[in-house]
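Colleague: Quick one: sequence plus predicted model below, questions after.
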Number of protein chains: 2
Amino acid sequence: MAGSGLSPVSEEPTLDEPKRRPTIGDVAKAAGVSPSTASRALTGQGYAAAAVKAKVLAAADQLGYVPDEFARSLKRRTNRLVGVVISDLRNQFYADLAAGIEQVLGAAGYQMVLVNDDGDTDRELAGVRTLLAMRVPGTIVTPLSSEAGALLTSQGVRVVEVDRQMAESQCDAVLVDSEHGARAATGHLLELGHRRIAFLIDELEWTTGVGRLTGYREALRERGVDYDPELVVRVGFGEGSAATAIASLLEVRPDVTAVFAANNLMAEGVWQEMQRRKLRVPKDVSLVAFDDLPWMSMVQPAVSAVSQPVVAMGAKAAELLLARLSGTLTGDPRTVWLEPTFERRGSTRRLPG
Amino acid sequence: MAGSGLSPVSEEPTLDEPKRRPTIGDVAKAAGVSPSTASRALTGQGYAAAAVKAKVLAAADQLGYVPDEFARSLKRRTNRLVGVVISDLRNQFYADLAAGIEQVLGAAGYQMVLVNDDGDTDRELAGVRTLLAMRVPGTIVTPLSSEAGALLTSQGVRVVEVDRQMAESQCDAVLVDSEHGARAATGHLLELGHRRIAFLIDELEWTTGVGRLTGYREALRERGVDYDPELVVRVGFGEGSAATAIASLLEVRPDVTAVFAANNLMAEGVWQEMQRRKLRVPKDVSLVAFDDLPWMSMVQPAVSAVSQPVVAMGAKAAELLLARLSGTLTGDPRTVWLEPTFERRGSTRRLPG
DNA sequence: CTGTTAGCGCCTTCAT
DNA sequence: ATGAAGGCGCTAACAG
């Protein structure tokens, strides 16, 4: 009497059916075999006669059986989950990163568990703890603190850092050569005759901020231009911070002829402030951005920018992690550098005179 | 001899420690109590003397113990995971949606498991199956097919649909009033004297597409303007589809004076095509978009758009789901409508004559 | 090739 | 207030 063996989807009338989902035991019973045989048939691991296998599969299908990943993970002591910790999903940069990661992970049958830390180290740590609790074998993080990574590795969880790298971390990383990109952008401005170039940066704690500033300074040094600390503006993370920052800088230093915004958010703020003040770009002031976004090619003039292979970076990080997890890759931590490209557009012009 | 009881983080030299993570048994042993007592102390459920509790907590901390969510879920038969199925993380619309969801979920101690289906129903189904396997108690989806939702509900998983709604679905939903928004935008164009308004739409299978088209048609009817099917262009999902579509339409129908792009992607394509063709907006052609994005306020002229409360929509969906899961909300499925607002900007102008 | 047995880590009665 | 026992659903050894 297999009266309970109806497809749950077709069982329309009694929507209030017992919430208990079919277990492998139910499938086994329906197929007239033992649970272990059912397991072998379902997973493909181990022996199972073709006829039996078919019968089990049919029963499983009939019952709408979906194996319980928790139970399976508990037994197998591993799973196909990857934790991803990023700072801000609303920033297209991070969204693209996550998309690149997800793409590779999904193709390999892994599932992404996304944690947003909002740039808050407490939330980062909390997120990591959650991932630990979920027994993820690996994680990909845009690190905020070194504690998070340390905690992860101390528990045997593989970590790949992406976009930025913590100094203490002894793990794989996929990075963009910020220094090189910033040097190219700054060099471009210098070549156009600019000498007083404002540099807007929101953090100097991470390799990204440091690298970009270093690139800026190196370009100056290469051309023998003095470094003016007053032109380096430390911007807050808030919404209108960049706009405020550039506004007050221009107040004090009206001699600035070009602005280098060290990420897409700040570039947006600067752009908006320029509009507000009716400053012409590039006539009154030239602008370059680090991290290229679609809008930068859509505004008039288009914004010259250092373009990062963001999706590829995420994908590469995922590949690295998978290689570690599968044991394909062993040995010392590896750091993969991706090269950004400078896209010259209309927001920069040669200084007259 | 509690030699193994060192904080794993401080245990620098032997990084190659046994991967086996401490279990509640280890904690119990270290604290000199039974596993059950340790469990009570750790979870706060049930009795535990203050002194004992402190001892257990200290031991757990010392060992770097993190409870195994899988084992716990297996036992408790529930967990704090929520599956989120969206179409395209790289589209800021979906990223914002996910961010809104995550925000509310995180605050309630829930973890988001994100699945990207790329608009592919097969991948949607596969994602749902994964979620089922993870025994998530609830999901939030931007539905592609009705099968996915049906499968979920048939297994007792709560579903909240967001952005669009499947006709057959008997579940909660959080939607934006597309019809109203599209009517406002179209009405605005009509008031400016436009009569031949192209309408670009990428799908008519979902409530979003249908609603937007309906709003467009209603606005026409209200003003007694004949509906011209030739002006409704069905656009593919690919990258340059919108640009191609508008290009060929303008070829055939140079009399078109305004374009209504029914989502942000198509608006982008149209904008780019206008640039390429050196068509002036709004002089040569007016443009309105459905779904407002930051770039639309940054370009010159700024694009008039129907602005959706995207993050709020995600947040609301999460709240609804949590209310269902906690039993705070019971009874018939609820549909929450959010009102979009029409932002008039510079891309639309009164038709001369 | 298949069934039996045992146990992954945790929680929750039920006794004490 | 605490411990012992059992079992969540699944799979890996081991017999047969």
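Modeller: Great, that's in hand. Numbers count the residues shown, from 1 in each chain, chains lettered A, B, ... in the order given.

Colleague: ok, now how distant is the nearest residue to residue A:203 once chain neighbours are set aside from residue A:82?
Modeller: Distances taken as Cβ to Cβ, 6 or more residues apart in numbering or on different chains place residue A:209 nearest to residue A:203, at 4.4 Å, with adjacent residues excluded. C-beta: built from backbone N, CA, C; applies to glycine. As judged by Cβ to Cβ, to the nearest Å, residue A:209 and residue A:82 stand 27 Å apart.

Colleague: Residue A:24 now?
Modeller: 26 Å.

Colleague: higher neighbour count, these two?
Modeller: Between residue A:24 and residue A:82, counting by other Cβ atoms under 10 Å in any protein chain shown, residue A:82 is the more crowded of the two (27 against 22).

Colleague: Let me know whether the more buried one touches residue A:318 as I believe.
Modeller: Yes. Between residue A:82 and residue A:318 there is a contact under Cβ atoms under 8 Å: 7.5 Å.

Colleague: Give the residues shared as contacts by those two.
Modeller: A:101, A:105, A:140 (Cβ atoms under 8 Å, 6 or more residues apart in numbering or on different chains).

Colleague: Same list, these, but as a markdown table with distance to residue A:166, secondary structure and neighbour count please.
Modeller: Converted to a markdown table, the shared contacts of residue A:82 and residue A:318 look like this (distance: Cβ to Cβ, whole Å; DSSP: H, G, I helix; E, B strand; the rest coil; neighbours: other Cβ atoms under 10 Å in any protein chain shown):
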| residue | distance to residue A:166 | secondary structure | neighbour count |
| --- | --- | --- | --- |
| A:101 | 19 | helix | 29 |
| A:105 | 22 | helix | 26 |
| A:140 | 14 | strand | 28 |
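
Colleague: Where does pLDDT dip in chain A?
Modeller: For chain A, the stretches flagged by pLDDT under 70 are A:1-19.

Colleague: so who does the closest residue to chain B within chain A touch?
Modeller: Using Cβ to the nearest Cβ, the closest approach of chain A to chain B is made by residue A:295 at 3.5 Å. When contacts are counted by Cβ under 8 Å, 6+ apart, residue A:295 touches A:268, B:294, B:295, B:298, B:299.

Colleague: Residue A:130 too?
Modeller: A:115, B:69, B:111.

Colleague: Please narrow those residues to those residing in strands.
Modeller: Counting by DSSP state E, these place A:115, B:111 in strands.

Colleague: contacts with DNA strand C among the contacts of residue A:130, please.
Modeller: Residues of these in contact with DNA strand C (Cβ under 7 Å from any atom of the strand): none.

Colleague: And the contacts of residue A:130, which is closest to residue A:74?
Modeller: Nearest to residue A:74 among these is residue B:69, at 10.2 Å by Cβ to Cβ.

Colleague: So the closest residue to the closest one other than its chain neighbours versus DNA strand D, what's the distance?
Modeller: If the residues on either side of it in the chain are set aside, residue B:69 comes closest to residue A:133, at 4.2 Å by Cβ to Cβ, 6+ apart. As judged by Cβ to the nearest atom of the strand, to the nearest Å, residue A:133 and DNA strand D stand 16 Å apart.

Colleague: And for residue A:133, the neighbour number?
Modeller: Using other Cβ under 10 Å, residue A:133 has 16 other residues around it.

Colleague: ok, it to DNA strand C distance?
Modeller: 9 Å.

Colleague: which phi and psi does residue A:198 have?
Modeller: As for residue A:198, its main-chain torsions (degrees, to the nearest 10) stand at phi -70, psi 140.

Colleague: Do I have it right that it meets residue A:254?
Modeller: No. Using Cβ under 8 Å, residue A:198 makes no contact with residue A:254, being 11.3 Å away.

Colleague: okay, those two: which has more neighbours?
Modeller: More crowded of residue A:198 and residue A:254, by other Cβ under 10 Å: residue A:198, with 23 against 9.

Colleague: quick one: contacts for the more buried one?
Modeller: So residue A:198 contacts A:231, A:232, A:233, A:246, A:249, A:253, A:256, A:258, A:259, A:260 (Cβ under 8 Å, 6+ apart).

Colleague: I am finished for the moment; much appreciated.
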